[in-house]
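Novice: quick one: sequence and predicted model below, then my questions.
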Amino acid sequence: MSGFDLGGVDRTVLRGLVGKSALLTTDLDQAELSTVLTLAQLFADIDFAGVKLPLFEQELAYAVFFDNSTRTKSAWAGAAARLGMRPVIVDGSSTQVAHGETAAETGAMLGMNSHAMGVRHDLILGEGNTFMREVKRGIDDYLRDSGDPRRMPLVNLQCDIDHPTQTLADAAWLREYFPDGVEGKRIAVSWAYSPSYAKPLSVPQGLAMLLPRLGAHVRMAYPPGYRLLDSAMDAAASGARESGGSFEVFEGEGAMDAAFEDAHVVYPKSWGPHSLMLDRVEANRAGDQARMNEIEQACLEQNANHKDWICDERRMALTRDALYMHCLPADIGDEVSEGVMAQHRVNVAREANKKVYVIMALLACAKSNDLVDDLGQILNRQETK
Ligand code: CP
């Protein structure tokens, strides 16, 4: 027997995850969520021990990015390689989507050769998640119509609504940082000032949709004009009701301090103003780049009214010696002071590093018919070498 404990992985829950593409964390029920996080930790332990897990050798893992990325690209490549797959990362602007090829057609064409797919499409509200679902439909229709039994999970690498691999990585890091559990912890998710660009809404929305389900008490804070999608706020409230956690929204001046008061964790990051993010939808649909540039400028001007929304030493002193979290990249000196970032630099790197294991878990659950058996065989083989 290997030294890794597969006993905590529920085979019944795993059966429900076979073939599943969770395009929002709310697509996972509570047991599935817990299983993905348990597997992510198991994969991290196995990797740390230097044990290889070639579950899907010679298979192609294709990821298309319609926006910039450092960490998620690296995590996708790292996860695929660790599973024995061959990762390929494509710039979405270099596909034929810009020339009118539909998402479903693109899915079918990319999916006909590959064994897993990731997509990032996060900049325009109302588009990214819909695009992913259409890509998935195109892949599934092609596989069905051609009688191909291949299983092709699609991983959401950030859309307009959610950033599941990020928030699951955040949850995995929280579970490690608080070995006694995330239940009952007070977590401040706050808007913070950024001069760099109008950041998507998906990270704060994803945190709101996920963290209350872990039993945490989540306080969301933002200035007037920065509200998030109603669907995400509704999911946050119902997640809190079901788990015994809670979800509160503080809006306006003083909200960031109020959210930080006695917090065990703070997650201050920027996002774009709500009404201007909606204006982008029409401008993008019309292909009006000049209007898109004007809107971006207006977002940054609106952000600049709130330069005091920074996670600094004064605010951290309001907390219970809180853990600072950020999905990265952070605007140092604007979203967070240099001193706070310096103190938590290793913590945010460890948070980021969880994403590779979350992606491994999502792919392995979706692709293996009997993951416990497959893992057991590989681990035993390596032990007897
Ligand atoms: N946090 C995150 O998703 O980082 P990237 O945008 O660099 O992938």
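Specialist: Here it is on my side, so go on.
Novice: surely residue 110 is in contact with residue 64?
Specialist: Yes - using CB atoms under 8 Å, residue 110 is in contact with residue 64, at 7.1 Å. Using the backbone N, CA and C atoms, a C-beta is placed for each residue, glycine as well.
Novice: now do the shared contacts for those two.
Specialist: residue 117 (CB atoms under 8 Å, 6 or more residues apart in numbering).
Novice: quick one: which helix or strand includes residue 346?
Specialist: Assigned by DSSP states H and E, residue 346 belongs to helix 338-367.
Novice: check residue 21 too.
Specialist: Per DSSP H and E, there is no helix or strand for residue 21.
Novice: now swap in residue 64 and tell me
Specialist: Residue-wise, residue 64 maps onto strand 60-65 under DSSP H and E.
Novice: any buried residues in the very next helix or strand once past that strand, and which?
Specialist: Using DSSP H and E, the helix or strand that follows strand 60-65 in sequence is helix 71-82. Buried residues in helix 71-82, counted by 16 or more other CB atoms under 10 Å: 71, 72, 73, 74, 75, 76, 77, 78, 79, 80, 82.
Novice: of those residues, closest to residue 47?
Specialist: residue 82 (6.3 Å; CB to CB).
Novice: separation between that closest one and the ligand?
Specialist: 18 Å (CB to the nearest ligand atom, to the nearest Å).
Novice: with residue 79 instead?
Specialist: In terms of CB to the nearest ligand atom, residue 79 sits 13 Å off from the ligand.
Novice: check contacts around that residue.
Specialist: Counting by CB under 8 Å, 6+ apart, residue 79 has contacts 61, 87, 356, 357, 359, 360, 363.
Novice: for the stretch 151-300 of the chain, which segments count as helices?
Specialist: With helices called from DSSP state H, counting those that start in this stretch, the stretch 151-300 of the chain shows them at 164-177, 202-210, 230-243, 255-260, 274-285, 289-303.
Novice: pull out the buried residues from the next helix-or-strand element following the helix holding residue 346.
Specialist: Remark: after helix 338-367, the chain's next helix or strand is helix 371-384, criterion DSSP H and E. Using 16+ other CB under 10 Å as the test for burial, helix 371-384 gives 371, 374, 375, 378, 379.
Novice: chain neighbours aside, what residue packs nearest to the third one?
Specialist: Beyond its immediate neighbours in the sequence, the residue positioned closest to residue 375 (CB to CB, 6 or more residues apart in numbering) is residue 6, lying 6.0 Å away.
Novice: for PyMOL, what selects the buried ones among the contacts of residue 79?
Specialist: To isolate the buried subset of the contacts of residue 79 in PyMOL, counting by 16+ other CB under 10 Å, use the following:
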select buried, resi 61+87+356+357+359+360+363
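Novice: residues near the residue nearest to residue 312 when sequence neighbours are not counted, how many?
Specialist: Excluding the flanking residues, the one nearest residue 312 by CB to CB, 6+ apart is residue 337, at 4.0 Å. Residue 337 is flanked by 18 other residues according to other CB atoms under 10 Å.
Novice: wait, residue 376 sits on residue 6?
Specialist: Yes - using CB under 8 Å, residue 376 is in contact with residue 6, at 6.1 Å.
Novice: and the stretch 51-200 of the chain, which of its residues are near the ligand?
Specialist: Contact residues (CB under 6 Å from any ligand atom) of the stretch 51-200 of the chain with the ligand: 69, 70, 71, 72, 158, 166.
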